[in-house]
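>>> Just the structure for this:
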Amino acid sequence: MFVDTEATGLDHERHELTEVAWIVRFEDGRQEERQFFPQHTIDGADTDALTLTRYHDRIAPQDKTPAEEWLTLFLEDAQDAVLVGAVPDFDAQHLERMCRKLGLEPTWDHHLLDVETLALPLIAPGPEAPRSLAKTCAALGIPHDKDQAHGALYDARQAMRAFDRIWELLADLRANDDPLPAPVPREVNGNGNGNGNGQGHGKGNGGTVEPAVARQLEEAAPVDAEAPAQRAEQAAHGSD
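This is a model prediction of the structure:
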């Protein structure tokens with residue numbers, strides 16, 4: 001089950017969920033999407049979190065749902081499921097807190113699957129910290145819309161697309177006995193620093209980038225213009 005949540009800040013005991021979305025994938029291939037805007041207050045909210053999620057424009061106008069309603073459905077869908085997402089422990093901690101408040105028990109499997117970590121052997125030249133969801137999608141060739149990012153349903157969909165793409169790549173490698181695809185450096189430009197996505201050698205191995213590849217990296221880079229949002233995302237999800 002693919003899941004994402006948004007909240008009024010990082011403190012799981014003090015801040016509140018503002019949006020919850022998940023995608024249930026059944027064994028017969030069916031998929032169902034759920035999206036709720038939980039009842040909450042913004043007392044003590046982190047202004048950066050509200051800005052990142054475009055709270056006042058996107059979340060505040062929505063009808064709010066009591067936890068008894070959306071959480072009950074979530075627990076039914078999550079029965080014995082593995083939660084898949086981008087930094088899913090952030091989501092799981094919020095969901096566990098809501099369960100405690102209502103005297104309910106989590107129903108999902110205690111194993112969590114982070115697509116940002118899962119993708120690393122396919123996209124990284126060596127061991128490194130997980131990338132943001134935006135950078136992971138870019139490295140996997142998945143379009144990522146920064147204007148929709150940090151909406152729970154969109155991020156759950158992106159996590160699902162990343163998950164599926166990873167297994168497509170692995171299936172091809174197994175079928176063809178091919179080597180791994182060329183790694184996509186986390187940070188690349190002419191002097192070995194900066195942001196970029198594409199083939200070539202980055203700061204980690206001391207190489208340089210060919211001009212044609214550097215142009216591709218510059219065109220593909222999804223993030224320079226939104227550095228403040230990236231910093232907020234790092235804080236909100238502990239990655240990148």
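>>> Listing request: residues of the chain with sub-threshold pLDDT.
Counting by pLDDT under 70, the chain contains low-confidence ranges at 187-240.
>>> hey, which helix is longest across it?
If you go by DSSP state H, the chain has its longest helix at helix 152-176.
>>> Name the surrounding residues that touch that helix.
Under the contact criterion CB atoms under 8 Å, 6 or more residues apart in numbering, helix 152-176 has outside partners 2-6, 19-23, 25, 33, 35, 84-86, 113, 115-116, 118-119, 122, 133, 136-137, 140-142, 144-145, 148-149, 178-181. C-beta coordinates here come from the backbone N, C-alpha and C atoms, glycine included.
>>> out of these, which are buried?
With burial judged by 16 or more other CB atoms under 10 Å, the buried subset of the contacts of helix 152-176 is 2-6, 19-23, 25, 35, 84-86, 113, 115-116, 118-119, 122, 133, 136-137, 140, 144, 149.
>>> Looking at those, which are in helices?
Counting by DSSP H, the part of those found in helices is 115-116, 118, 122, 133, 136-137.
>>> Return the distance of stretch 123-137 from the chain's centre.
Relative to its chain's centre, stretch 123-137 lies at 12 Å (CA atoms, centre = their mean, to the nearest Å).
>>> Straight-line length of it, end to end?
10 Å (CA to CA, to the nearest Å).
>>> Just the buried residues of that stretch, please?
Within stretch 123-137, the residues scored as buried using 16+ other CB under 10 Å are 123-125, 130-137.
>>> How about L133, nearest residue that isn't a chain neighbour?
Leaving aside its chain neighbours, L133 sits nearest to A86 (4.1 Å; criterion: CB to CB, 6 or more residues apart in numbering).
>>> Look up how far L140 lies from the one you found.
The spacing between A86 and L140, counted by CB to CB, to the nearest Å, is 13 Å.
>>> Save the buried residues of stretch 123-137 as a markdown table, and put in distance to L73 too.
A markdown table is the format used below for the buried residues of stretch 123-137 (distance: CB to CB, whole Å):
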| residue | distance to L73 |
| --- | --- |
| I123 | 34 |
| A124 | 37 |
| P125 | 42 |
| P130 | 30 |
| R131 | 32 |
| S132 | 29 |
| L133 | 25 |
| A134 | 29 |
| K135 | 32 |
| T136 | 28 |
| C137 | 28 |
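>>> Among these, which one lies nearest to D109?
Set against D109, the nearest of the buried residues of stretch 123-137 by CB to CB is P130 (20.6 Å).
>>> can you tell me how far the residue nearest to that closest one when sequence neighbours are not counted sits from F163?
Closest residue to P130 apart from its sequence neighbours, by CB to CB, 6+ apart: E116 at 3.8 Å. Plainly put, E116 is 11 Å away from F163 if you go by CB to CB.
>>> Y55 too?
Distance from Y55 to F163, counting by CB to CB: 27 Å.
>>> Thank you, goodbye.
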